[in-house]
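Peer 1: Sequence first, predicted coordinates after that:
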Amino acid sequence: QVQLVESGGGSVQAGGSLRLSCAASGYTYSSYCMGWFRQAPGKEREWVAGIRSDGNTMYADSVKGRFTVSKDNAKNTLDLQMNSLKPEDTAMYYCAAGPYARGYCNYNYWGQGTQVTVSS
């Protein structure tokens, strides 16, 4: 069974940095996507960044140039380095994973989330 466990959230002032990590287990897909989503109070969940099994990375425009997604294959973790944080980055951040097929990432598995709060 696939399990995703996030860590690294917290509170930081605007302009600061945080690093989120997602520990993955039970994953056997050879072609896959792993990604980060976030959901702020009263808003819909939005995709933030992702990485495919071929190493291709993708970012939402709102975080491009500030966030970096990476995967440590030895440790089987997905990390999100967040720099130059803004108050609008405040949200619950979720790690997700799933198979990559026919040009689509199918995020079938989700972590419980970790809170990020950025104060002005």
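Peer 2: Yep, it's here.

Peer 1: which residues touch the residue nearest the centre of the chain?
Peer 2: In the chain, the residue lying closest to the centroid (CA atoms, centre = their mean) is W36, at 2.1 Å. Counting by CB atoms under 8 Å, 6 or more residues apart in numbering, W36 touches 20, 22, 47-50, 69, 78, 80, 93-96. All C-beta atoms are positioned from the backbone trio N, CA, C, and that covers glycine.

Peer 1: May I ask which of the residues you listed has the most neighbours?
Peer 2: Within the contacts of W36, C95 tops the neighbour count with 28 neighbours, counted by other CB atoms under 10 Å.

Peer 1: Return the list of strands paired to the lowest-mean-pLDDT helix or strand in the chain, each annotated with direction.
Peer 2: Least confident helix or strand, the chain: strand 104-105 with a mean of 92, by mean pLDDT, DSSP states H and E. Strand 104-105 pairs in its sheet with strand 91-101 (antiparallel), by DSSP bridges.

Peer 1: Other residues contacting the partner strand?
Peer 2: Strand 91-101 has contacts (CB under 8 Å, 6+ apart) with 2, 4-6, 9, 20, 22, 24, 27, 29, 31-40, 43, 45, 48, 52-53, 78, 80, 105-116.
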